[in-house]
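Trainee: sequence unavailable; structure follows:
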């Protein structure tokens, strides 16, 4: 994909780097690995067959772990009760306490997992009975100790799910978008395919309506990126090269942010690193924010999910709606990218969040749970997932 914010010539002049043609072409290539590890990493059910995963609940889990989740922390852990039953817990070691202090976004990520698990179960001929918060809501300090959901699979008279075929192609796309603005007719199709069952979906259509959100999205990202403690939480979850991406198989990275090829190499080599002083380098931050503004400016449509209250159950159920809608977006050939920063509940974000609430018209106990931009892009990258076995809880 064409990178506009920094030219190759400018990079070379500033860095003093001399690249041969073969080396330049090597760094212009995008390392695009399958999402799942093993013999077949694209379709999760094919992966299950290749890895000799036989229990229905494990097959469904293998689909569920392909779900979108905050910072790709994959904060899921499972207690297997039988070949068709499990308990889902938040992995308390994989939460984001600085940027997500109530763990609201982490619980949305629990819902995305549950929706894809349900779709995967349908695909193999099972209905998933999901009981949300079977032991009730819990306090922050109880995260990981009380279950998010209990899942029981039962044989179904039918087999297959209309959205399953889009699971393997679904990916959060953070690149610059191209093409026309999403039309009302396209939004109507999306709302039909990805109908919300628990939250209310609102759409922002047309350039004039989108414009007021752009400055807010940028200011929120800038605030998170320039606030040391929130940015440093991202540093902990950042994977700085292909080796880290493929060995740790979690977290965030430059290719996941829509950055590839030569510019990615330059950024990783000269402007980014695991050391705090390098990660928080002012020049690298300027490059990142410049690129991010391009993404915001390329927005072709906006969608947000609103709930009447703001409970743990609301968070989880909205995540289920979000995952289903993302598959619908994939089905119609569009891409989706969340702007979660302005929704975050850490104190420094209070003013930006209030602005967003004003723009979206929420009142009283209502809450915007997620907001995303839509558009078209040829960029292709799948964030890897850990092996489901690493998420299993030990049973006594």
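Mentor: All right, it came through fine. Note that this is a predicted model, so its numbers are computed, not measured. Residues are numbered from 1 along each chain as shown.

Trainee: doesn't residue 264 lie inside a strand?
Mentor: No. Counting by DSSP: H, G, I helix; E, B strand; the rest coil, residue 264 is not found in a strand; it is helix.

Trainee: quick one: the helices in the stretch 1-150 of the chain, in order.
Mentor: Using DSSP state H, counting those that start in this stretch, the helices of the stretch 1-150 of the chain run over residues 8-15, 21-28, 44-50, 56-64, 104-123.

Trainee: any idea which of these scores lowest on pLDDT?
Mentor: If you rank the helices of the stretch 1-150 of the chain by mean pLDDT, helix 8-15 sits at the bottom with a mean of 42.

Trainee: give me the distance between residue 183 and residue 207.
Mentor: Taking CB to CB, to the nearest Å as the measure, residue 183 falls 12 Å from residue 207. To be clear about C-beta, it is placed using only N, CA and C from the backbone, and glycine gets the same treatment.

Trainee: can you get me a residue count around the closest residue in space to residue 169 that isn't next to it in sequence?
Mentor: Using CB to CB, 6 or more residues apart in numbering and skipping residues adjacent in sequence, the residue nearest residue 169 is residue 330, 5.3 Å away. Neighbourhood size, residue 330 [other CB atoms under 10 Å]: 22.

Trainee: so which elements touch the helix or strand that contains residue 330?
Mentor: In this structure, residue 330 sits in helix 312-331 according to DSSP states H and E. Applying 3 or more CB pairs under 8 Å, 6 or more residues apart in numbering; DSSP states H and E, one finds that helix 312-331 contacts helix 104-123, strand 126-132, helix 184-193, strand 301-307, strand 335-338, strand 367-375.

Trainee: could you list every helix and strand in contact with the shortest one?
Mentor: Using 3+ CB pairs under 8 Å, 6+ apart as the contact definition, the elements that strand 335-338 packs against are helix 312-331, strand 367-375.

Trainee: repeat for the fourth one
Mentor: Contact analysis of strand 301-307 by 3+ CB pairs under 8 Å, 6+ apart lists helix 184-193, strand 200-204, helix 207-226, helix 312-331, strand 367-375 as its packing neighbours.

Trainee: just the last one next, same as before
Mentor: Under the contact criterion of 3+ CB pairs under 8 Å, 6+ apart, the helices and strands touching strand 367-375 comprise helix 104-123, strand 301-307, helix 312-331, strand 335-338, helix 350-360.

Trainee: any idea which of these is most buried?
Mentor: helix 104-123 (a mean of 26; mean count of other CB atoms under 10 Å).

Trainee: ok and it relative to strand 126-132, angle-wise?
Mentor: 160 degrees (axes from the mean of the first three to the mean of the last three CA atoms, to 10 degrees).

Trainee: and the angle for helix 104-123 with helix 56-64?
Mentor: Going by the same axes, to 10 degrees, helix 104-123 makes 120 degrees with helix 56-64.

Trainee: how big is the angle separating helix 104-123 from strand 301-307?
Mentor: For helix 104-123 against strand 301-307, the angle by the same axes, to 10 degrees is 100 degrees.

Trainee: now helix 104-123: how far from the chain's centre is it?
Mentor: 12 Å (CA atoms, centre = their mean, to the nearest Å).

Trainee: next: stretch 49-56.
Mentor: Chain-centre distance of stretch 49-56: 26 Å, with CA atoms, centre = their mean.

Trainee: what's the answer for stretch 329-338, then?
Mentor: For stretch 329-338, the distance to the chain centre is 12 Å (CA atoms, centre = their mean).

Trainee: same check, this time on stretch 146-155
Mentor: With CA atoms, centre = their mean, you get 23 Å for stretch 146-155.

Trainee: look at residue 183 and residue 207 and report which has more neighbours.
Mentor: A count of neighbours by other CB under 10 Å puts residue 183 above the other of residue 183 and residue 207, at 13 against 9.

Trainee: wait, doesn't that one sit right on residue 205?
Mentor: Yes. Counting by CB atoms under 8 Å, residue 205 is a contact partner of residue 183 at 7.3 Å.

Trainee: for the residue nearest the centre of the chain, list the residues it contacts.
Mentor: Most central in the chain under CA atoms, centre = their mean is residue 68, positioned 3.8 Å from the mean C-alpha point. The contact partners of residue 68, taken as CB atoms under 8 Å, 6 or more residues apart in numbering, are 109, 112, 170, 172, 322-323, 326, 338.

Trainee: same question, residue 64
Mentor: Residue 64 neighbours (CB under 8 Å, 6+ apart): 76, 113-114, 116-117, 120.

Trainee: hang on, the earlier thing: need the helices and strands packed on strand 335-338 in JSON lines with distance to residue 128 and mean pLDDT, can you?
Mentor: Converted to JSON lines, those look like this (distance: least, CB to CB, whole Å; pLDDT from 0 to 100):
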{"stretch": "helix 312-331", "distance to residue 128": "11", "mean pLDDT": "98"}
{"stretch": "strand 367-375", "distance to residue 128": "22", "mean pLDDT": "98"}
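
Trainee: turn these into JSON lines, columns for distance to residue 126.
Mentor: Formatted as JSON lines, the helices and strands packed on strand 335-338 follow (distance: least, CB to CB, whole Å):
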{"stretch": "helix 312-331", "distance to residue 126": "17"}
{"stretch": "strand 367-375", "distance to residue 126": "28"}
